[in-house]
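Asks: Sequence and predicted structure, then a few things I'm wondering about:
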Amino acid sequence: MRHLKIEDKVEIVNAFGKTRTEEFIAMNPCHTCPTLQFDGDDGAIWESCAIMRWLCVNNKGGEELYPSDPILRGKIDM
């Protein structure tokens with residue numbers, strides 16, 4: 001996120017604490033970390049690969065980190 005110059009609020013949570021609250025489970029029914037919560041009512045995504053892809057595809061400069069070539073993307077996803 002720093003490399004892409006994305007303003008963020010990172011919250012370190014106890015996996016057996018906050019992730020088990022009703023509020024967290026409503027946002028992420030799998031109650032897993034990491035979770036990327038969007039502003040407003042757009043919900044959230046979880047799983048590190050999904051979050052990294054979203055950050056790279058939806059932000060300027062992400063092509064450098066997650067190229068359009070499917071072979072290279074596959075290797076990164078591994």
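Replies: Nice, thanks for sending it over. Numbering: from 1, shown residues only.
Asks: Distance-wise, check whatever residue is furthest in space from the centre of the chain relative to residue 13.
Replies: Distance from the C-alpha centroid of the chain, by C-alpha atoms, centre = their mean, peaks at residue 71 (22.0 Å). Computed as C-beta to C-beta, to the nearest Å, the residue 71 to residue 13 distance reads 36 Å. Heads up, the C-betas are built off the backbone N, CA and C, glycines and all.
Asks: Also residue 35?
Replies: For residue 35, the distance to residue 13 - C-beta to C-beta - is 9 Å.
Asks: hang on, the earlier thing: checking my notes, the residue farthest from the centre of the chain in a helix, right?
Replies: Yes. Counting by DSSP: H, G, I helix; E, B strand; the rest coil, residue 71 is found in a helix.
Asks: can you map out the strands along the chain?
Replies: Counting by DSSP state E, the chain has strands at residues 35-37, 44-46.
Asks: residues in contact with the first one?
Replies: By that I understand strand 35-37. Strand 35-37 is contacted by residues 24, 27-28, 43-46, 51, 54-55 when judged by C-beta atoms under 8 Å, 6 or more residues apart in numbering.
Asks: residue ranges of the helices in this structure, please?
Replies: 22-27, 48-57, 62-65, 70-77 (DSSP state H).
Asks: Let me have these in JSON lines, extended by mean pLDDT.
Replies: Formatted as JSON lines, the helices of the chain follow (pLDDT from 0 to 100):
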{"stretch": "helix 22-27", "mean pLDDT": "90"}
{"stretch": "helix 48-57", "mean pLDDT": "88"}
{"stretch": "helix 62-65", "mean pLDDT": "83"}
{"stretch": "helix 70-77", "mean pLDDT": "90"}
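Asks: could you redo these as CSV and give each row distance to residue 5?
Replies: Listed next are the helices of the chain as CSV, based on distance: least, C-beta to C-beta, whole Å:
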stretch, distance to residue 5
helix 22-27, 25
helix 48-57, 11
helix 62-65, 11
helix 70-77, 20
